[in-house]
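Enquirer: Could you work out the structure for the sequence below:
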Amino acid sequence: MSETTDRIVRAVEARAEDTLALLQRLLRTPSVNPWFGDRAEISGEGGVQQLYQQLLTELDPDEFDVWEPSAEGLAHRADGPGYYPDHVFTGRPNVVARFRGTDPTAGALMIQGHSDVVSVGSGWTEEPFGGARRNGRVYGRGSADMKGGMAAALGAIGALRDAGVVLRADLLVASVVDEEAGGMGTLALVDRGHIAALGTIVPEATDLNVAPLCRGILWGEVTVHGRAGHIELKRMLWQDGGAVDAIEYGRRLLNAFAERSSAWVADPLKNHAHIPIPCAIKVAQIEGGEFPTTYASSCKITFNAQYLPAQKDEHGLGGVVKRELEQLIAGFAPEDEWLRQHPPTVRWLVDADCGETADDDPVVTRTLAAAKSVGIGSALEGCMSHVDMGLTIDAGSPTICFGPGQMAVAHQPDEYISETDVLAATKVLALTIADLCG
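Expert: Numbers count the residues shown, from 1 in each chain. Next up is the predicted model:
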């Protein structure tokens, strides 16, 4: 290690307990996104955003920008990623702190994370908002996704200050709202002009790997239409008024989805070197029928399909894959007269965008180098789920995800993060900030 690297690492280790205590404070401040879960447990992000502002204030930034996004104010971006006209942000502000460097021409680096968490759900044996530390783990909703990463980032900035490191470029720290419901907080961030040319690091849970891309995610709902009728009687022809079983058609559509998803396995457009599994069509929910004695008049199938940056449309969204799936749904039974006269109805629920940063960009290579310098075997591995990357990349900021924790335990009961991983990420983030900001 160089003398400076050693000094930074020692500063991280000296304040390790402070960083973990900071994480506990974040976990004990509920911030369940209002668009998910039982209304009784909804908290919104306002409380934890106030805490972020307080914690950042203690690190002595040069300025703050705190504002509540507005769907009306972002309507000019309605054709692109991250816009949802029904989202309301009262009491849910974005928070951005700027630490100015010594050289106004050196640009800026941004650390960006989201403050919202998903609903608690059931099955917990730990207190969801207790922040308990047990056997080297910190438990709580949002520990992996992604308050652990944000605690590491704040700990890294504190360690740089303790080590006497002076940055040449500006450092931005952004905590945005609404990521779990589509990313409108990040849309507001880039629309307001908070774009860092040196790069953006999103400390999502990557198991300490460096993720230079994430997949896009489509949620779709297709309703197959039938005609109700007594299920125990001989059916007349539908042309004569007989019943039509929507569940039977739904089964055929499920088979068509499975066949197309299998074909994607060998499709280069559905695969990427940094993603271990191909894009797929996954059925998540099925609803159909009214009574046990009646043929179903409708069958609703809700599905999830992923896409890669190579298939982004002209708006930066998944229009190419949407059209592919719409054609599949329209033609899964091409000879069927009932379906020609009563075609399935498709409704798109979410289109969460994707993004990719070049492997040789400095924000990628220097983060990997920082990990190597402290003995962490980080690899390049993309995010298989959606994260806030695409909007910042499209705005001109090369973006990666790097953070502690495993995304596999996010959104689950007894979500946790390893204390060792939090401190390892803190070291890497501190060294990367010092390197990229000069």
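
Enquirer: can we go C-alpha only for contacts and neighbour counts from here?
Expert: OK.

Enquirer: show me what contacts residue 297?
Expert: Neighbour list for residue 297: 225, 226, 227, 228, 244, 245, 246, 288, 289, 290 [criterion: CA atoms under 8 Å, 6 or more residues apart in numbering].

Enquirer: Those residues, buried ones only, as a ChimeraX selection?
Expert: Of the contacts of residue 297, the buried ones can be selected in ChimeraX as follows, counting by 16 or more other CA atoms under 10 Å:
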select :225,226,227,228,244,245,246,288,289
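
Enquirer: and of the contacts of residue 297, the nearest to residue 405?
Expert: residue 288 (38.5 Å; CA to CA).

Enquirer: And that closest one, how close does it get to residue 400?
Expert: Counting by CA to CA, to the nearest Å, the separation of residue 288 from residue 400 is 42 Å.

Enquirer: cool, and residue 234?
Expert: Distance from residue 234 to residue 400, by CA to CA: 60 Å.

Enquirer: what about residue 54, neighbour count?
Expert: 11 (other CA atoms under 10 Å).

Enquirer: neighbour count winner among residue 234 and residue 400?
Expert: Between residue 234 and residue 400, counting by other CA under 10 Å, residue 400 is the more crowded of the two (34 against 9).

Enquirer: Would you list the phi and psi of the more buried one?
Expert: phi -130, psi 160 (degrees, to the nearest 10).

Enquirer: Pull the contacting residues for the residue nearest to it when sequence neighbours are not counted.
Expert: Distances taken as CA to CA, 6 or more residues apart in numbering place residue 212 nearest to residue 400, at 4.7 Å, with adjacent residues excluded. By CA under 8 Å, 6+ apart, the contact set of residue 212 is 356, 357, 358, 359, 364, 380, 381, 382, 399, 400, 401.

Enquirer: didn't the fourth one look like it was pressed against residue 365?
Expert: Yes: at 7.2 Å, residue 359 counts as touching residue 365 under the criterion of CA atoms under 8 Å.

Enquirer: Can you tell me the element residue 171 falls in?
Expert: strand 170-176 (DSSP states H and E).

Enquirer: Same question for residue 223.
Expert: strand 216-225.

Enquirer: What strands line up against that strand, and which way round?
Expert: If you go by DSSP bridges, strand 216-225 pairs up with strand 298-307 (antiparallel), strand 345-352 (antiparallel).

Enquirer: Bridged to the residue lying closest to residue 249 once chain neighbours are set aside, which residues?
Expert: Among residues not flanking residue 249 along the chain, residue 224 sits closest, at 6.9 Å (CA to CA, 6+ apart). Residue 224 has these beta-bridge partners by DSSP bridges: residue 299.

Enquirer: mind listing what residue 224 touches?
Expert: Here residue 224 is in contact with 246, 247, 249, 250, 298, 299, 300, 343, 344, 345 (CA under 8 Å, 6+ apart).

Enquirer: thinking again about what came up before, quick one: which of the contacts of residue 212 is nearest residue 279?
Expert: Set against residue 279, the nearest of these by CA to CA is residue 382 (12.5 Å).

Enquirer: I figured the closest one hits residue 213, correct?
Expert: Yes: contact criterion CA under 8 Å: residue 382 and residue 213 qualify, at 5.0 Å.

Enquirer: Show me which of these two is the more surrounded one.
Expert: residue 213 (30 against 22).

Enquirer: Now that the more buried one has come up, it's in contact with residue 353, right?
Expert: No: applying CA under 8 Å as the test, residue 213 and residue 353 come out as separate, 10.9 Å apart.

Enquirer: quick one: low-confidence parts of the stretch 101-250 of the chain?
Expert: Within the stretch 101-250 of the chain, not a single segment meets pLDDT under 70.

Enquirer: Which stretches in it count as strands?
Expert: 108-114, 133-134, 137-139, 170-176, 199-202, 213-214, 216-225 (DSSP state E, counting those that start in this stretch).

Enquirer: what's the answer for the stretch 251-400 of the chain, then?
Expert: Using DSSP E, counting those that start in this stretch, strands in the stretch 251-400 of the chain cover 281-288, 298-307, 345-352, 355-356, 399-401.

Enquirer: In a markdown table: those, plus distance to residue 434 and mean pLDDT.
Expert: A markdown table is the format used below for the strands of the stretch 251-400 of the chain (distance: least, CA to CA, whole Å; pLDDT from 0 to 100):
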| stretch | distance to residue 434 | mean pLDDT |
| --- | --- | --- |
| strand 281-288 | 42 | 97 |
| strand 298-307 | 35 | 98 |
| strand 345-352 | 32 | 94 |
| strand 355-356 | 24 | 96 |
| strand 399-401 | 17 | 98 |
